[in-house]
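*Asks:* would you be able to build a 3D model of this:
(one chain, ligands or ions: 1)
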Amino acid sequence: MVLPSNWVFRTLIFCRKIITYNCFWKTVMQKTTPDQLAHFFALSLDLFCVADSDGYFRMLNDAWGRTLGYSLDELLAVPYINFVHPEDLNATVTVQQGLDDGLQVLDFENRYLTKDGNWRWLSWKAVPQADGTIYAVARDITSQKEDEKATEQLLIRLEQTNHELDQFAYIVSHDLKSPLRSILNLSQWIQEDLGEALTTEVAAHIALLQVRAGKMQQMIDDLLQYAKTGRNEKPVVEVDLNHLILEIQGVQQIPVGFRIEIPQPLLNVFGHPVELFQLFQNLISNAIKYRKSDMGFVSITQSDLGDYWRFEVADNGIGIDANHHQRIFEVFQRLHTSEEIDGTGIGLALVKKIIERMGGSIVVHSQKGSGATFSFTWPK
Ligand code: ADP
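*Replies:* Numbering: from 1, shown residues only. Reported below is the predicted structural model:
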């Protein structure tokens, strides 16, 4: 198609407004001839067009043919609405009416039919002119849309898998509770039945069995707690963290000399009170459990990151080797045996789950022997 050079020129002026390479375009416009501008017009990867007020394209660049597979004459022959996906028709008509009323269009998206029967997503910027024509540029965003859809589907699958895993952990831990209770009861009855015949050795074995079964019960309870977390359907509420930490101090065994420091009063956050309690309780109780001496401390600070709060829970305890900074957040991962320091290895996994379910994230900064700082974000 032979392009009327004044149209090319006007279209390029419009492009210059839209494309942000202002300086570049100024230079181009000042120094180039209409022929050279026509080259740029033809070369563009974006789809440039001028449309009539009666709904037909009047002028198109070559990118249209390359993107949709039609000849330019085929595209010029019928109203452009004929190419629009049926589901996008209403929105397109509304945008068209806006243009008729003199409104500009920015980032409007619709699908266009290709010659081979597929659909391409186009993202539009368009400006109406005083004479009723519309100058517009469209970008093919089909692959971006496909990526978004793939990510969305992946997230849905991930959510389903997480839900199934939670369900599995919940059922298994729930069902394991009753046989375990029977084992503990039976061991007690054996002890009672043996009476005088109970030797020191058998008594020691039974005691060991009860300790181990007790430990297993604790692990099941923690796992159940972990599986239940995040099932909270209740709406989030405003929580006073200063009050919450006082409550934790009330239930936590704190060695004499150990300090829980809050240098600045904490500002309220939105969340589920029970989960926030579990979160801070686990971090504070770990700071106490993994202290170097009874004169240790844990300090809790809050800073504003805009859309998020950042909390830092820092202690001066035994610290964590950098090799284990990821592992400690996994279920049942411990760096100590139960004989050394009691625990089930669920605490930090639970903390991470609570934070991530709310849309935040957590990391630890620490070196072995030099304390640990757990830093997490919490959406406002
Ligand atoms: P648990 O305390 O029951 O072992 P957690 O999931 O709370 O389980 O912690 C996992 C591991 O991370 C702990 O076994 C411990 O080795 C390490 N850890 C957690 N908090 C701290 C801390 N404040 N200082 C040093 N080590 C810690």
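
*Asks:* residue numbers of this protein in contact with the ligand?
*Replies:* Counting by Cβ under 6 Å from any ligand atom, the residues of the chain close to the ligand are 282, 286-287, 289-290, 315, 317-320, 328, 334-336, 343-349, 372. Any C-beta I mention is one placed from the backbone N, CA and C, and that applies to glycine too.

*Asks:* which among those residues count as buried?
*Replies:* By the neighbour-count criterion of 16 or more other Cβ atoms under 10 Å, the residues of the chain next to the ligand include these buried positions: 282, 286-287, 290, 315, 317-320, 328, 334-335, 343-349, 372.

*Asks:* and the strands in the chain?
*Replies:* Remark: strands assigned in the chain by DSSP state E are 47-51, 57-60, 105-113, 119-128, 134-140, 237-239, 259-261, 269-271, 297-304, 308-315, 362-366, 372-379.

*Asks:* what does the third one rub up against?
*Replies:* Contacts of strand 105-113 with the rest of the structure, by Cβ atoms under 8 Å, 6 or more residues apart in numbering, involve 68, 83-85, 87-88, 91-92, 95, 98-99, 119-127, 136, 141.

*Asks:* kindly recompute the last result at 7 Å.
*Replies:* Taking contacts as Cβ atoms under 7 Å, 6 or more residues apart in numbering, the residues outside strand 105-113 that touch it are 68, 83-85, 88, 91-92, 95, 98-99, 119-126, 141.

*Asks:* what segments of the stretch 201-350 of the chain are helices?
*Replies:* Chain-ordered helices for the stretch 201-350 of the chain, with DSSP state H, counting those that start in this stretch as the definition, fall at 241-251, 273-289, 347-357.

*Asks:* now render those as TSV, adding mean pLDDT.
*Replies:* Listed next are those as TSV, based on pLDDT from 0 to 100:
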stretch	mean pLDDT
helix 241-251	95
helix 273-289	95
helix 347-357	94
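
*Asks:* how about those in JSON lines, adding distance to K380?
*Replies:* Putting these into JSON lines (distance: least, Cβ to Cβ, whole Å) gives the following:
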{"stretch": "helix 241-251", "distance to K380": "13"}
{"stretch": "helix 273-289", "distance to K380": "14"}
{"stretch": "helix 347-357", "distance to K380": "14"}
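
*Asks:* quick one: closest of these to I183.
*Replies:* The closest approach between I183 and any of the helices of the stretch 201-350 of the chain, judged by Cβ to Cβ, belongs to helix 347-357 at 25.4 Å.

*Asks:* buried ones in that closest one?
*Replies:* Counting neighbours by 16+ other Cβ under 10 Å, one finds that the buried residues in helix 347-357 are G347, L348, A349, L350, V351, K352, K353, I354, I355, R357.

*Asks:* out of these, flag the one nearest to the ligand.
*Replies:* For those, the residue nearest the ligand by Cβ to the nearest ligand atom is G347; the value is 2.6 Å.

*Asks:* skip the chain neighbours and tell me the closest residue to the closest one.
*Replies:* Take G347 and drop its neighbours on the chain: the residue closest to it by Cβ to Cβ, 6 or more residues apart in numbering is N282, 4.1 Å away.
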